[in-house]
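# how would this look folded up:
(chains A, B, C and D)
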Number of protein chains: 4
Amino acid sequence: MQQYGFIGLGIMGSAMARNLITAGYQVTLWNRNPEKCRELEALGAMVANSPARVAAHCHITFAMLADPAAARAVCFGEEGVLAGMTTGKGYVDFSTVDAATSQEIGAAITAKGGRFLEAPVSGSRKPAEDGTLIILTAGERTLYDEALPCLEKLGKKILYLGEGGNGAKMKLVVNMIMGGMMANLCEGLALGAKAGLVPAELLDILESGAVANPLFRLKGGNILAGNFAPAFPLKHMQKDLRLAVELGDRLGQPLPCAAAVNERFKEAKKEGFGEEDFSALYKTVS
Amino acid sequence: MQQYGFIGLGIMGSAMARNLITAGYQVTLWNRNPEKCRELEALGAMVANSPARVAAHCHITFAMLADPAAARAVCFGEEGVLAGMTTGKGYVDFSTVDAATSQEIGAAITAKGGRFLEAPVSGSRKPAEDGTLIILTAGERTLYDEALPCLEKLGKKILYLGEGGNGAKMKLVVNMIMGGMMANLCEGLALGAKAGLVPAELLDILESGAVANPLFRLKGGNILAGNFAPAFPLKHMQKDLRLAVELGDRLGQPLPCAAAVNERFKEAKKEGFGEEDFSALYKTVS
Amino acid sequence: MQQYGFIGLGIMGSAMARNLITAGYQVTLWNRNPEKCRELEALGAMVANSPARVAAHCHITFAMLADPAAARAVCFGEEGVLAGMTTGKGYVDFSTVDAATSQEIGAAITAKGGRFLEAPVSGSRKPAEDGTLIILTAGERTLYDEALPCLEKLGKKILYLGEGGNGAKMKLVVNMIMGGMMANLCEGLALGAKAGLVPAELLDILESGAVANPLFRLKGGNILAGNFAPAFPLKHMQKDLRLAVELGDRLGQPLPCAAAVNERFKEAKKEGFGEEDFSALYKTVS
Amino acid sequence: MQQYGFIGLGIMGSAMARNLITAGYQVTLWNRNPEKCRELEALGAMVANSPARVAAHCHITFAMLADPAAARAVCFGEEGVLAGMTTGKGYVDFSTVDAATSQEIGAAITAKGGRFLEAPVSGSRKPAEDGTLIILTAGERTLYDEALPCLEKLGKKILYLGEGGNGAKMKLVVNMIMGGMMANLCEGLALGAKAGLVPAELLDILESGAVANPLFRLKGGNILAGNFAPAFPLKHMQKDLRLAVELGDRLGQPLPCAAAVNERFKEAKKEGFGEEDFSALYKTVS
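Take a look at the predicted model:
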């Protein structure tokens, strides 16, 4: 029977690995802290003592790691994925990393005869648990085709975006739009409040019209409730805006509105809201 | 039986008056060009030969006029609504006008003993026909209560926003947010295109996530198709953005992102896209 | 001998009237508080008990008033300039007023057979005392020609800018540029400070190169010294920026940089710096 | 007698080396194309056949190279400066490079026992010929002290800004301010023109007031004359603005006005004006 690996059992990774196991796949796990493997072991998963072992044992290995540094360590480190990689095997990285990191990992895997697919996901804990993530893949097409049945257990929408790097770029564009919408919402709420309008009525009207969207519904309510607990930290949104504006710079695409939004998030970071949810922009705007 | 008036049978007004008649209300019409009354007459409506006659005959008179000048003419002109207004009667104006015009009309109606409700609507031809408009009312509360059964035949969402002027302000805030979202979408599409991403895939991803909204779906498709036929003309959006930024100025609310968006729409107007749909901003951005 | 009037003896007006008297002109004064006339009376000036008397007595009457309200009162009020105006007389208003106020005053003077010249000045107390103001005139050309010898006692630079209103517009453009330069300076000083550079060295380098200008020299030093005593209040600069951006809006001229600067000054006003010098923008930026 | 080296005889370097020779210093030259040495040889300079020979022969070696790549090649290349560097010698680099390049060169020189001073200059051909450059030095203090008599033959203003990297940062801040001023000027000229004002009169007024500066005088005249021949290419100004905004990002300093200016220059570059003078921004603005 086909063997699958899963490396990285944080909030997202645990939920995703569980969905694979529940769907009947044979999964071998590795996590830096092995305690986190116990619960899934009870569901039938195996556990290996290094990323190299996972990769050597499995046809396709998935990974979901916190940041570029962790993604590099798991791949290039001693007893890392690379050490277990051989011709024909596949490595699918769900981590959100920059395009450069992704391309370095991909090149190293390819040099060992393996195949690489970058696959950053859009969505947080709940969609991960429900198997309703959006998965933005890019890289080796044959690996995408082979991994697709697994990916369909994890996401409601799986896209193949072509050559490696496109997944990371797509995420930047999407987050740039989302950051802009948050700025629109915050300025609108602040202006409405100053004009004596009832904020809840503004949200209600937005919800009823052509601009109705889950972000305004969820974050709008949180803003009115003064709840800025971080689902997506403000400093990360600012980083994505910066990277998007820089991407525009390299490509000769002026982005004056996104640049204004970026400066606004920088102001919020300067005022100390970087660790709060990105909706905390409201505190700077109002 | 209670009598209702309806003045102004353009695209929106015709559809709205028809919905009242179909719902069983006794409606008396006036339109500058009386030919437009014929079809509704066939459905049972009466026709009067002046706005004054409509107001004198009816308990509540509705109006849907093109702009502030038309709204003023129908109210203050010879044989206008004001001439037929007497104690206790109601006048409900659906026209989108500035707060000053609305307040002048309201004061004049009130001075004659009448009651006034401003009621700008959000939505275009289709929602008017389907009776699914969003109606933003403000002014005399008792009139709102009495008119509500009628309004519920016209809109899916009817809000009472307090004192006169609040309807106009609310529309500005909503349109400011909508204009901002259009700028976000256009910059995102342009950046994606420059980065080699497939625009339709970007729209697809936006549609699947937290920012999914009817505006992106509709206008995004139009932009990719190069269809900029005016549903909401760009020059009107720019005017609303300008008014919103000026409102912020008067109220001491900085709006740097909306100001950047406003300048972008001004650029598009300068390039000659003022009469096209506001999604034609894309041609300036890309 | 030719008679000249001077109305309004504030800081600026006193200095300007004194320069006329010292140059040998016969000057008749009026000021709301007549005590302020005493010192100049001692130098040979006459004093009249109303603006109307000044205008009736003199061939050309000058005025320097605080704001549009004062300028209107002196012209249109009981015993105002208008009451003393007759065919061929001239009225030169140095006050900084909006173009509309200026044009109303001009039309009223003209209707009485008189001639009107708007003449807003650039410069504050010191240049007024030294006779080194910049005087931006617009309106009746023959009056300009006749008043020129007097104006040359008050300013080092006197321009005739054509039809009435051009003086006000020119001041807006100049102040828009000045406000932008202040924003550049403040952002540069703030960035330099964060980068560990010595602010005084930055000012020194600016002073040595192609961008060297008196504004940076004077205000830069004040900023480093924490001296924000109002020479030109921040709220007035913000008002001028707003008017300039609105002028651009009416004329179809996008001004994205000035709009960003305007929003920054609005932020500073919101933070409570409106009454301080416009260089207090630094406190918001840094 | 003390020996000095000079490497790089482009427009700037030739003029600077000539000033040293004329002042009586013994100078040894190297240039990639040795033909360019002939004229200065006639004035008494010696010529060496590699940068290493120059460095080995001289107590202090100066360099003025086109860009980071040339600066690295001359230092690290075969027979480069590094190969001739020994304990106690000095290397002064006038080239405009990024801080990272400067710090790498400095570290390598220091590792060989030498001393390094970065010394980017502000000013173009004319000040180089006249010996009136502004020289922004940073790095080894003792070398600054020893080189100062030479530097004083080249510049009218020589600053020592502390640790290596400060010269590059200072140049970014200065150019950010200069780019902002150009945007102010262009928007002001464009608004004035639309308002029917005479552009030359606007320049005249600016020249007479607190904002008077050589940049407005020179570039304003060029803009009105339609002369955009590159003294400082627009694409270089945009690059400096981008680097300044990025520096602000790293340091937590919001720069909304500079960001708006940067986007404007990007627009101009997109419209094809990158190779023209940075005053060609006017063509995008107007």
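# Can you name the residue of the stretch 151-286 of chain A nearest to chain C?
Nearest to chain C in the stretch 151-286 of chain A, going by C-beta to the nearest C-beta, is A:P256, at a distance of 6.0 Å. C-betas here are computed from N, CA, C, even on glycine.
# Look at that residue and say how many residues are nearby.
Here the count is done by other C-beta atoms under 10 Å in any protein chain shown, and A:P256 has 27 residues near it.
# before we move on, what about the one 3 residues further on?
For A:A259, the tally of surrounding residues (other C-beta under 10 Å) stands at 30.
# Give me the pLDDT for it.
Note on A:A259: pLDDT of 97.
# The one 10 residues further on too?
If you check A:K269, the pLDDT there is 97.
# looking at this, it is in a helix?
Yes - under DSSP: H, G, I helix; E, B strand; the rest coil, A:K269 sits within a helix.
# Next, the contact list for it, please.
By C-beta atoms under 8 Å, 6 or more residues apart in numbering or on different chains, A:K269 lies in contact with A:234-235, A:238, D:252.
# Please check those and keep the buried ones.
A:234-235, A:238 (16 or more other C-beta atoms under 10 Å in any protein chain shown).
# and the contacts of A:K269 as JSON lines, adding pLDDT?
Formatted as JSON lines, those follow (pLDDT from 0 to 100):
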{"residue": "A:L234", "pLDDT": "94"}
{"residue": "A:K235", "pLDDT": "92"}
{"residue": "A:Q238", "pLDDT": "94"}
{"residue": "D:G252", "pLDDT": "94"}
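# closest to C:N49 among those?
D:G252 (62.9 Å; C-beta to C-beta).
# how far away is that closest one from chain A?
5 Å (C-beta to the nearest C-beta, to the nearest Å).
# Distance of that residue relative to B:A108?
56 Å (C-beta to C-beta, to the nearest Å).
# what does A:D240 give?
Distance from A:D240 to B:A108, by C-beta to C-beta: 53 Å.
# Between these two, which is the more surrounded one?
The neighbour count for A:D240 versus B:A108, taken as other C-beta under 10 Å, is higher for A:D240 (23 against 19).
# Might you report the residue contacts of the residue nearest to the more buried one when sequence neighbours are not counted?
Counting by C-beta to C-beta, 6 or more residues apart in numbering or on different chains, A:D240 lies nearest to A:N175, which is 4.1 Å off, once chain neighbours are set aside. Taking C-beta under 8 Å, 6+ apart as the criterion, A:N175 is in contact with A:237, A:240-241, A:244.
# Dump the residues you listed to a markdown table, plus pLDDT and secondary structure.
What follows is those, written out as a markdown table (pLDDT from 0 to 100; DSSP: H, G, I helix; E, B strand; the rest coil):
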| residue | pLDDT | secondary structure |
| --- | --- | --- |
| A:M237 | 93 | helix |
| A:D240 | 89 | helix |
| A:L241 | 95 | helix |
| A:A244 | 94 | helix |
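# what helix or strand is the one residue in the stretch 51-200 of chain A that gets nearest to chain D on?
Going by C-beta to the nearest C-beta, chain D is nearest to A:A183 of the stretch 51-200 of chain A, at 12.1 Å. Under the criterion of DSSP states H and E, A:A183 resides in helix A:166-194.
# just the angle between that helix and helix B:166-194, please?
170 degrees (axes from the mean of the first three to the mean of the last three C-alpha atoms, to 10 degrees).
# What is the burial count for the nearest residue to A:M176 once chain neighbours are set aside?
Nearest non-adjacent residue to A:M176, counting by C-beta to C-beta, 6+ apart: A:A244, 3.9 Å away. When neighbours are counted by other C-beta under 10 Å, A:A244 registers 30.
# from what I can see A:A244 touches B:G192, true?
No - with contact defined as C-beta atoms under 8 Å, A:A244 does not count as touching B:G192 (10.3 Å).
# where do the contact lists of the two overlap?
Common neighbours of A:A244 and B:G192 (criterion: C-beta under 8 Å, 6+ apart): A:V173.
# Do you have the helices of the stretch 101-250 of chain A handy? List them.
A:125-130, A:141-154, A:166-194, A:199-208, A:214-225, A:234-251 (DSSP state H, counting those that start in this stretch).
# Tell me which of those approaches C:G5 most closely.
Using C-beta to C-beta, these put helix A:166-194 closest to C:G5, at 46.1 Å.
# Excluding sequence neighbours, find me the nearest residue to the residue nearest the centre of chain A.
Against the mean C-alpha coordinate of chain A, by C-alpha atoms, centre = their mean, the closest residue is A:V121 at 4.2 Å. Leaving aside its chain neighbours, A:V121 sits nearest to A:L133 (4.5 Å; criterion: C-beta to C-beta, 6+ apart).
# Next: A:Y144.
In space, A:Y144 comes closest to A:Y160 once its chain neighbours are excluded; the distance is 4.9 Å by C-beta to C-beta, 6+ apart.
# Can you report how many residues lie near that neighbour?
A:Y160: 19 surrounding residues under other C-beta under 10 Å.
# which residues sit in contact with it?
When contacts are counted by C-beta under 8 Å, 6+ apart, A:Y160 touches A:137-138, A:141, A:144.
# out of those residues, who has the most neighbours?
Most neighbours among these, by other C-beta under 10 Å: A:T137, with 29 neighbours.
# what's that residue in contact with, if anything?
A:92, A:117-119, A:144, A:151, A:158-161, A:167.
# Show me the beta-bridge partners of it.
A:T137 has these beta-bridge partners by DSSP bridges: A:Y160.
# can you pull the pLDDT of it?
Confidence score, pLDDT, at A:T137: 96.
# do the same with A:S122
86.
# thought it was touching A:T132?
No - A:S122 is not in contact with A:T132 according to C-beta under 8 Å; the separation is 10.5 Å.
# These two: which is more packed in?
Taking other C-beta under 10 Å, A:S122 and A:T132 do not tie; A:S122 has more neighbours (23 against 14).
# residue contacts, that one?
Here A:S122 is in contact with A:133-136, A:171, A:174, B:205, B:208-209 (C-beta under 8 Å, 6+ apart).
# Pipe the residues you listed into CSV and attach distance to D:V54 and neighbour count per row.
Converted to CSV, the contacts of A:S122 look like this (distance: C-beta to C-beta, whole Å; neighbours: other C-beta atoms under 10 Å in any protein chain shown):
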residue, distance to D:V54, neighbour count
A:L133, 62, 28
A:I134, 61, 24
A:I135, 59, 24
A:L136, 55, 27
A:K171, 51, 21
A:V174, 55, 24
B:I205, 58, 24
B:S208, 64, 19
B:G209, 61, 19
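# Would you map out the domains in chain A?
A:3-162, A:168-285 (automatic domain parsing).
# Out of those, which is the most enclosed?
Mean neighbour count, computed with mean count of other C-beta atoms under 10 Å in any protein chain shown, is highest for domain A:168-285 among these, reaching a mean of 22.
# Need the distance between the two termini of that one.
29 Å (C-alpha to C-alpha, to the nearest Å).
# Need the per-residue pLDDT for the residue in chain A sticking out farthest from the centre.
Distance from the C-alpha centroid of chain A, by C-alpha atoms, centre = their mean, peaks at A:G196 (38.7 Å). A:G196 is assigned a predicted lDDT (pLDDT) of 94.
# From what I see, it and B:N166 are in contact.
Yes - counting by C-beta under 8 Å, A:G196 touches B:N166, with 7.1 Å between them.
# so who does A:G252 touch?
By C-beta under 8 Å, 6+ apart, A:G252 lies in contact with B:194, D:266, D:269-270.
# what's the most distant pair in the residues you listed?
So, the contacts of A:G252 by C-beta to C-beta: farthest apart are B:K194 and D:K269, at 13.2 Å.
# How about the residues of chain A by chain C?
A:256, A:260 (C-beta under 8 Å from any C-beta of the partner chain).
# Low-confidence ranges, the stretch 101-250 of chain A, go.
Regions of the stretch 101-250 of chain A meeting the criterion pLDDT under 70 are absent.
# let's see it at 90
In the predicted model of the stretch 101-250 of chain A, residues A:101, A:122-127, A:165, A:168, A:209, A:230-233, A:236, A:239-240 satisfy pLDDT under 90.
# Residues of chain A that sit close to chain D?
Counting by C-beta under 8 Å from any C-beta, chain A sits next to chain D at A:242, A:246, A:248-249, A:252-256, A:259-260, A:262-264, A:266-267, A:269-270.
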